[in-house]
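>>> Let me see the structure of the following:
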Amino acid sequence: MKSSGIKIIAQNKKASFNYFLSDFTECGIELKGTEIKSLRNHGATIGDSYIVIRNGNAEIINMYIKPYEQGNLFNHDPLRNRQLLLHKKEIKWFEMKIKQGGFTVVPTKIYLKNGRAKVEIALAKGKKLYDKRETIKQRDLSRSMNRGDDE
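Model (predicted):
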(Lines give C-alpha, C1' and ligand atoms only; values in the text may rest on other atoms or scores of the structure.)
Protein backbone atom coordinates (compact mmCIF):
# COMPACT_ATOMS: atom_id res chain seq x y z
CA MET A 1 0.00 0.00 0.00
CA LYS A 2 1.65 3.19 -1.12
CA SER A 3 -0.26 6.44 -1.07
CA SER A 4 0.95 9.96 -0.35
CA GLY A 5 4.46 8.86 0.66
CA ILE A 6 3.29 6.29 3.24
CA LYS A 7 4.40 2.67 3.01
CA ILE A 8 2.95 0.38 5.69
CA ILE A 9 5.50 -2.08 7.11
CA ALA A 10 3.51 -3.90 9.82
CA GLN A 11 0.10 -3.71 11.48
CA ASN A 12 -1.06 -4.98 14.85
CA LYS A 13 -4.40 -6.58 14.01
CA LYS A 14 -4.63 -8.21 17.44
CA ALA A 15 -4.76 -4.81 19.09
CA SER A 16 -8.20 -3.86 17.78
CA PHE A 17 -9.53 -7.29 18.75
CA ASN A 18 -8.08 -7.32 22.28
CA TYR A 19 -8.51 -3.63 23.15
CA PHE A 20 -10.78 -0.65 22.73
CA LEU A 21 -8.45 1.78 20.95
CA SER A 22 -8.57 5.58 21.17
CA ASP A 23 -6.28 8.62 20.90
CA PHE A 24 -4.05 7.53 18.03
CA THR A 25 -0.69 9.33 17.90
CA GLU A 26 2.10 9.24 15.34
CA CYS A 27 5.62 9.18 16.70
CA GLY A 28 9.14 8.60 15.48
CA ILE A 29 11.32 5.72 16.58
CA GLU A 30 15.02 5.64 17.39
CA LEU A 31 16.66 3.05 15.13
CA LYS A 32 20.17 1.89 14.31
CA GLY A 33 21.48 1.72 10.74
CA THR A 34 20.77 -1.95 10.08
CA GLU A 35 17.31 -1.68 11.65
CA ILE A 36 16.03 0.89 9.15
CA LYS A 37 17.44 -1.17 6.27
CA SER A 38 15.64 -4.24 7.58
CA LEU A 39 12.39 -2.27 8.03
CA ARG A 40 12.52 -1.19 4.40
CA ASN A 41 12.56 -4.91 3.50
CA HIS A 42 9.34 -5.45 5.56
CA GLY A 43 11.19 -7.24 8.36
CA ALA A 44 9.18 -6.29 11.45
CA THR A 45 6.38 -7.58 13.66
CA ILE A 46 4.55 -5.78 16.47
CA GLY A 47 1.97 -8.40 17.47
CA ASP A 48 3.09 -8.78 21.09
CA SER A 49 4.68 -5.38 21.63
CA TYR A 50 3.63 -2.64 24.03
CA ILE A 51 4.83 0.77 25.21
CA VAL A 52 6.30 1.51 28.63
CA ILE A 53 7.13 4.93 30.05
CA ARG A 54 10.35 4.98 32.09
CA ASN A 55 12.25 8.03 33.37
CA GLY A 56 10.24 10.40 31.19
CA ASN A 57 10.91 8.39 28.00
CA ALA A 58 8.53 6.18 26.05
CA GLU A 59 10.00 2.83 24.96
CA ILE A 60 8.57 0.13 22.74
CA ILE A 61 9.10 -3.34 24.21
CA ASN A 62 9.09 -6.67 22.37
CA MET A 63 9.05 -5.25 18.83
CA TYR A 64 10.83 -7.66 16.48
CA ILE A 65 12.97 -6.30 13.65
CA LYS A 66 14.69 -9.15 11.86
CA PRO A 67 18.48 -8.85 11.46
CA TYR A 68 19.65 -7.29 8.20
CA GLU A 69 21.09 -9.94 5.86
CA GLN A 70 24.16 -7.90 4.83
CA GLY A 71 24.64 -6.45 8.33
CA ASN A 72 27.24 -9.04 9.53
CA LEU A 73 29.00 -7.76 12.67
CA PHE A 74 27.00 -4.50 12.82
CA ASN A 75 23.62 -6.24 13.18
CA HIS A 76 21.30 -5.30 16.02
CA ASP A 77 19.51 -7.33 18.69
CA PRO A 78 16.11 -8.15 17.10
CA LEU A 79 14.10 -7.64 20.32
CA ARG A 80 15.92 -4.69 21.89
CA ASN A 81 13.94 -1.88 23.54
CA ARG A 82 13.64 1.14 21.24
CA GLN A 83 12.93 4.69 22.32
CA LEU A 84 9.92 6.48 20.85
CA LEU A 85 10.27 10.12 19.85
CA LEU A 86 7.41 12.04 21.46
CA HIS A 87 7.07 15.49 23.00
CA LYS A 88 7.28 15.63 26.81
CA LYS A 89 3.68 16.86 26.98
CA GLU A 90 2.49 13.79 25.03
CA ILE A 91 4.54 11.43 27.22
CA LYS A 92 3.14 12.97 30.40
CA TRP A 93 -0.41 12.71 29.03
CA PHE A 94 0.02 8.99 28.24
CA GLU A 95 1.68 8.44 31.64
CA MET A 96 -1.24 10.14 33.40
CA LYS A 97 -3.77 7.95 31.54
CA ILE A 98 -1.84 4.77 32.40
CA LYS A 99 -1.68 5.73 36.09
CA GLN A 100 -5.46 6.31 36.16
CA GLY A 101 -5.76 2.56 35.68
CA GLY A 102 -7.20 0.22 33.12
CA PHE A 103 -5.26 1.75 30.23
CA THR A 104 -2.14 0.74 28.37
CA VAL A 105 -0.42 2.03 25.25
CA VAL A 106 0.04 -0.29 22.25
CA PRO A 107 1.55 0.19 18.79
CA THR A 108 -0.96 -0.27 15.98
CA LYS A 109 1.13 0.35 12.87
CA ILE A 110 4.71 0.81 11.64
CA TYR A 111 5.17 2.67 8.40
CA LEU A 112 7.60 4.75 6.39
CA LYS A 113 6.48 8.33 5.81
CA ASN A 114 8.65 10.26 3.37
CA GLY A 115 11.50 7.82 4.09
CA ARG A 116 11.31 8.07 7.89
CA ALA A 117 10.13 5.27 10.17
CA LYS A 118 7.00 6.13 12.15
CA VAL A 119 4.96 4.20 14.70
CA GLU A 120 1.27 4.81 15.30
CA ILE A 121 0.43 4.24 18.96
CA ALA A 122 -2.95 4.21 20.65
CA LEU A 123 -4.37 4.37 24.13
CA ALA A 124 -5.94 0.98 24.81
CA LYS A 125 -8.42 -0.40 27.33
CA GLY A 126 -8.71 -4.18 27.58
CA LYS A 127 -11.83 -5.93 26.30
CA LYS A 128 -13.69 -8.55 28.28
CA LEU A 129 -14.54 -11.92 26.72
CA TYR A 130 -18.14 -10.89 25.98
CA ASP A 131 -16.83 -7.76 24.18
CA LYS A 132 -14.63 -9.94 21.99
CA ARG A 133 -17.60 -12.18 21.19
CA GLU A 134 -19.59 -9.11 20.19
CA THR A 135 -16.73 -8.03 17.89
CA ILE A 136 -16.73 -11.44 16.21
CA LYS A 137 -20.53 -11.33 15.86
CA GLN A 138 -20.42 -7.86 14.23
CA ARG A 139 -17.65 -8.92 11.86
CA ASP A 140 -19.54 -12.04 10.76
CA LEU A 141 -22.72 -10.03 10.31
CA SER A 142 -21.01 -7.45 8.10
CA ARG A 143 -19.41 -10.23 6.02
CA SER A 144 -22.76 -11.92 5.40
CA MET A 145 -24.33 -8.54 4.49
CA ASN A 146 -21.54 -7.89 1.96
CA ARG A 147 -22.01 -11.29 0.37
CA GLY A 148 -25.76 -10.88 0.25
CA ASP A 149 -26.46 -14.09 2.22
CA ASP A 150 -29.91 -14.49 3.67
CA GLU A 151 -29.98 -16.15 7.04
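>>> tell me what whichever strand or helix holds Ala124 is packed against?
Per DSSP states H and E, Ala124 falls inside strand 116-126. Strand 116-126 sits against helix 13-18, strand 19-29, strand 103-113, with contacts defined as 3 or more CB pairs under 8 Å, 6 or more residues apart in numbering; DSSP states H and E. C-beta: built from backbone N, CA, C; applies to glycine.
>>> May I see the buried residues of the first one?
Pointing back at helix 13-18 there. Ala15, Ser16, Asn18 (16 or more other CB atoms under 10 Å).
>>> In TSV: those, plus distance to Leu112.
Listed next are those as TSV, based on distance: CB to CB, whole Å:
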residue	distance to Leu112
Ala15	20
Ser16	22
Asn18	26
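>>> Contact partners for the residue positioned nearest the centre of the chain?
Centroid check for the chain by CA atoms, centre = their mean gives Pro107 as the closest residue, at 2.2 Å. Neighbour list for Pro107: Asn12, Ala15, Ile46, Ser49, Tyr50, Ile51, Ile60, Met63, Val119, Glu120, Ile121, Ala122 [criterion: CB atoms under 8 Å, 6 or more residues apart in numbering].
>>> Any idea how many residues pack against Tyr77?
Careful, residue 77 is Asp; it's not Tyr. The tally of other residues near Asp77 (other CB atoms under 10 Å) stands at 10.
>>> and it, which of the three is it?
Following DSSP: H, G, I helix; E, B strand; the rest coil, the label given to Asp77 is coil.
>>> and it, what does it touch?
Per CB under 8 Å, 6+ apart, neighbours of Asp77: none.
>>> Apply 10 Å and report the result again.
By CB atoms under 10 Å, 6 or more residues apart in numbering, Asp77 lies in contact with Lys32, Glu35, Ile65, Pro67.
>>> Which strands border the strand holding Ala124, and is each parallel or antiparallel?
strand 19-29 (antiparallel), strand 103-113 (antiparallel) (DSSP bridges).
>>> Leu85 is nearest to which of these?
strand 19-29 (3.5 Å; CB to CB).
>>> Now do that closest one: distance to the chain's middle.
8 Å (CA atoms, centre = their mean, to the nearest Å).
>>> Repeat that for stretch 135-151.
The answer for stretch 135-151 is 28 Å, by CA atoms, centre = their mean.
>>> Run through the protein and note the low-pLDDT ranges.
1-3, 149-151 (pLDDT under 70).
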